[in-house]
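A.B. asks: quick one, what's the 3D model for this:
(one chain, ligands or ions: 2)
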Amino acid sequence: MTEKLRVAVLGAGGRMGQAAVQAVEKAEDLELVAALGRTDPLERLLETEAQVLIELTVPDSSEANVRFAVEHGIHAVVGTTGWGSAKQDSLRALLAEHPEVGVLIAPNFALGSVLASSFAAKAAKYFDSVEIIELHHPHKVDAPSGTALRTAQLIAQARKGLPAAPDSTEKALDGARGASVDGVPVHSVRLAGLYAHQEVLFGSEGEQLSLRHDSFGQASFMPGVLIGVRTVTSRPGLTFGLDGYLDLD
Ligand SMILES: NC(=O)C1=CN([C@@H]2O[C@H](COP(=O)(O)OP(=O)(O)OC[C@H]3O[C@@H](n4cnc5c(N)ncnc54)[C@H](OP(=O)(O)O)[C@@H]3O)[C@@H](O)[C@H]2O)C=CC1
Ligand SMILES: O=C(O)C1=N[C@H](C(=O)O)C[C@H](O)C1
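C.D. replies: Numbering: from 1, shown residues only. Ligands and ions are numbered 1, 2, ... in the order given. Got it, this is the predicted structure:
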């Protein structure tokens, strides 16, 4: 019988962490060797001989956690937001010194969300206008969401060289037109009762296309987390976005 992959969860007391602990425990090919929180030393990863770290904490701590894992030869599957291009570049440089280690940073693990962002990138060049509305639970600490940032970047890439969207706004209250992410307006809603939702609106003369995805709970992310854990050990270097592990062409 093949040995089970040894997996640790960091941020195990959080909404996502708790769900990830359960998902790993249920998976027959995985062994949960550590469920760690803020007060646990990272050395627990070494003592428990973890092979893969699932990192689901907060933007301020994620980078240091992942760097610790990489420096000790542990693969990482990261769901925490806040991984801008400077942090990614610095991680790539570290990974170059540890060529056997893989890291997946996934702004969104929900397969429907990954597909919706990919469809949005495909649609982007065919419409005059595009705006993103992301809607989340009010406990979320970051805005815009990591998913919205990623979707906006994919859309902007696809629209390179095209004219800017028509917009005659001359006077606006601060924030009224959302945050501009690579030129794409992103509007963040925080509303009690919601969990994680996003709508990408495309418009041209006489027509509109809406691409909406809804996550109703942490369960929506677990199949993607497990794909990440099972794939990361054979994908050295940094992969940004779960789409990098899927066949979406
Ligand atoms: N990629 C994806 O598909 C998804 C990503 N996310 C992202 O994942 C992250 C976690 O989300 P969520 O679970 O909802 O958030 P929570 O606030 O519920 O959980 C975060 C957890 O991290 C712990 N924590 C904080 N600092 C550290 C640290 N230095 N070391 C270890 N643990 C720490 C917190 O502990 P304490 O309570 O003691 O502070 C808490 O238990 C967020 O960035 C969120 O945006 C969320 C959903 C899906
Ligand atoms: O904080 C959350 O809840 C979520 N965070 C991720 C993001 O910022 O995109 C993924 C999902 O939207 C849930």
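A.B. asks: domains in this protein, by residue range?
C.D. replies: 5-105+218-245, 111-215 (automatic domain parsing).
A.B. asks: contacts only, for the closest residue to Leu91 other than its chain neighbours.
C.D. replies: Once flanking residues are discounted, Leu91 sits nearest to Leu238: 5.8 Å by CB to CB, 6 or more residues apart in numbering. For glycine as for every other residue, the C-beta is placed from the backbone atoms N, C-alpha and C. Contacts for Leu238 (CB atoms under 8 Å, 6 or more residues apart in numbering) come out as Gln88, Leu91, Arg92, Leu95, Val103, Ile105.
A.B. asks: picking up where we left off before, need the winner for burial among the domains of the chain.
C.D. replies: Compared across the domains of the chain, domain 5-105+218-245 shows the largest average neighbour count, a mean of 19 (mean count of other CB atoms under 10 Å).
A.B. asks: pLDDT of that domain, averaged?
C.D. replies: The average pLDDT within domain 5-105+218-245 is 98.
A.B. asks: tell me how far it is from the chain's mean position?
C.D. replies: For domain 5-105+218-245, the separation from the chain centroid amounts to 12 Å (computed by CA atoms, centre = their mean, to the nearest Å).
A.B. asks: need the residues of the chain near ligand 1, please.
C.D. replies: Within the chain, the residues that sit near ligand 1 (CB under 6 Å from any ligand atom) are 10-11, 13-17, 37-38, 56-59, 61, 79-81, 106-109, 221.
A.B. asks: so which of these are in strands?
C.D. replies: Leu10 (DSSP state E).
A.B. asks: contacts with ligand 2 among the residues of the chain next to ligand 1, please.
C.D. replies: Thr81, Pro107, Asn108.
A.B. asks: need the residues you listed in JSON lines (columns: distance to Pro138).
C.D. replies: Below are these laid out as JSON lines (distance: CB to CB, whole Å):
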{"residue": "Thr81", "distance to Pro138": "16"}
{"residue": "Pro107", "distance to Pro138": "20"}
{"residue": "Asn108", "distance to Pro138": "19"}
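A.B. asks: looking at this, Asp214 is in a strand?
C.D. replies: Yes. Assessed with DSSP: H, G, I helix; E, B strand; the rest coil, Asp214 lies in a strand.
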